[in-house]
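**Q** turn this into a structure:
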Amino acid sequence: MSAAVLEQGEDAFRKIFRLYRRKNPPADLSGVLEYRPGESRLRGAELCVGAVTDQDAARVGLQPLHQWSAYHVDGYPGFLFIVNPFLPGWQHRWVRQCLKRYPRKPNVCNLDLHMSLDGDLWGLSHAQLRKKSSQGRSEKTLLEKLRWVTLGLHYNWDTKKYYREHQSPFPVDLAELSRCVSLACGFQNFKAEAGILNYYRMDSSLGIHVDESELDHSSPLLSFCFGQSSIFLLGGLSRDVAPTPMMMHSGDIMVMSGASRLLYHAVPRILRHPGGGVLPPCLSVSPSSDERDALLEPCSPADWEVCESYLLSSRINMTVRRVLEEGGSFPAEGDTLHIKATQGDTYHVEDDESEGVKRVRTTVKD
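**A** Numbers count the residues shown, from 1 in each chain. Have a look, this model is predicted:
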């Protein structure tokens, strides 16, 4: 364990979380796992290369499967890490979807709890963000105050339940991306039923929690990262187990299934991508106009100008999951699906800085 002796009443996971959350002095990052060849804690993962055609992969912006780099981590069965498998320029399209398309109604976001929006967030924010890219920072736009969006079956943060009647059509494009990734990882029957998008600022974090709401833990949880980097902590079945810190960069994908679905995890800190550039190199590639029977239209230069301004100090994470077992339905009593929460911890993005909007902290009382 890299941290010092635990304070009274503090578990091992919380200690590591606080260590990497610390700003002054900043934590030493030399022990953070990077996914690259030669790392002793990693094992190359075999993918189901024939499960997805090159054409289907290209339609959602993915490289042919034989070009992917995927890893298992010693001690974490069911956990798979895929190093940025996106085609050049395609992250632009997915970022645009996360900022322009997915926050629209009938999807639900944190701002719905505090205000009535007369227009979409993109329409109310894009002009200001374009100005900020050249004129410096001023008051935050609504897009910069966005913290989460739910898709498909909408998770209720207050009751910690899914409701059968509280759902909207799951985005076809994201469902197809999820299908391709799940097939590549050997999951033939995955169905995207719910999505939670988290929008992080540089001072944001994600509290310690366990994803145990779904009825079938063998069905994978897919996590896609865009923008600035983050430290991800992956622990054990108990918070007494010290977690492994690992780095996630733009374009990386995590797949959690089986035993790993019941492991504690968290995001203590967002970090600017190393290398000196304002954006990761993979986001500096000009958007491609090659359609290739693409499921998403190209990101226009004007749209990317807005997205780039946003990503200079932000990270976006898309998580996609199956809620019900194959052939299953909601429990008869109340027609809801319970979310078992972790005592004392939040489930979505926290913020240290004032955003001019009341922050909802979904916390389970002791």
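**Q** use CA for all of it now, contacts and neighbours both
**A** Noted.
**Q** what's the pLDDT at Gln135?
**A** Looking at Gln135, its pLDDT stands at 55.
**Q** please apply the same query to His273.
**A** For His273, the predicted pLDDT is 75.
**Q** now Leu113
**A** pLDDT, Leu113: 77.
**Q** do the same with Val349
**A** On pLDDT, Val349 comes in at 52.
**Q** try Leu324
**A** 80.
**Q** what kind of secondary structure is it in?
**A** Using DSSP: H, G, I helix; E, B strand; the rest coil, the secondary structure recorded for Leu324 is coil.
**Q** burial measure for it, as a count.
**A** 19 (other Cα atoms under 10 Å).
**Q** got it, and Pro85?
**A** So Pro85, with other Cα under 10 Å, has 21 neighbours.
**Q** which residues sit in contact with it?
**A** By Cα atoms under 8 Å, 6 or more residues apart in numbering, the contact list for Pro85 reads 62-63, 67-69, 251-252.
**Q** distance check, Tyr102 against Glu308.
**A** From Tyr102 over to Glu308 the distance is 17 Å, taken as Cα to Cα, to the nearest Å.
**Q** where does the stretch 201-350 of the chain have low pLDDT?
**A** 212-217, 275-277, 287-292, 328, 330-350 (pLDDT under 70).
**Q** let's see 50
**A** The model of the stretch 201-350 of the chain has pLDDT under 50 over residues 339-348.
**Q** what about the strands in it?
**A** Remark: strands assigned in the stretch 201-350 of the chain by DSSP state E, counting those that start in this stretch are 204-209, 221-227, 229-234, 244-248, 253-256, 265-271, 314-321, 336-338, 349-351.
**Q** now do the longest one: which elements does it pack against?
**A** Pointing back at strand 314-321 there. In this structure, strand 314-321 packs against strand 194-201, strand 221-227, with contacts taken as 3 or more Cα pairs under 8 Å, 6 or more residues apart in numbering; DSSP states H and E.
**Q** please tell me how far the longest one is from the chain's geometric centre.
**A** Counting by Cα atoms, centre = their mean, to the nearest Å, strand 194-201 is centred 6 Å from the centre of its parent chain.
**Q** please apply the same query to stretch 225-232.
**A** 8 Å.
**Q** give me the contact list for that stretch.
**A** With Cα under 8 Å, 6+ apart, stretch 225-232 has contacts from 20, 32, 91, 95, 245-253, 265-273, 279-280, 283, 311-318.
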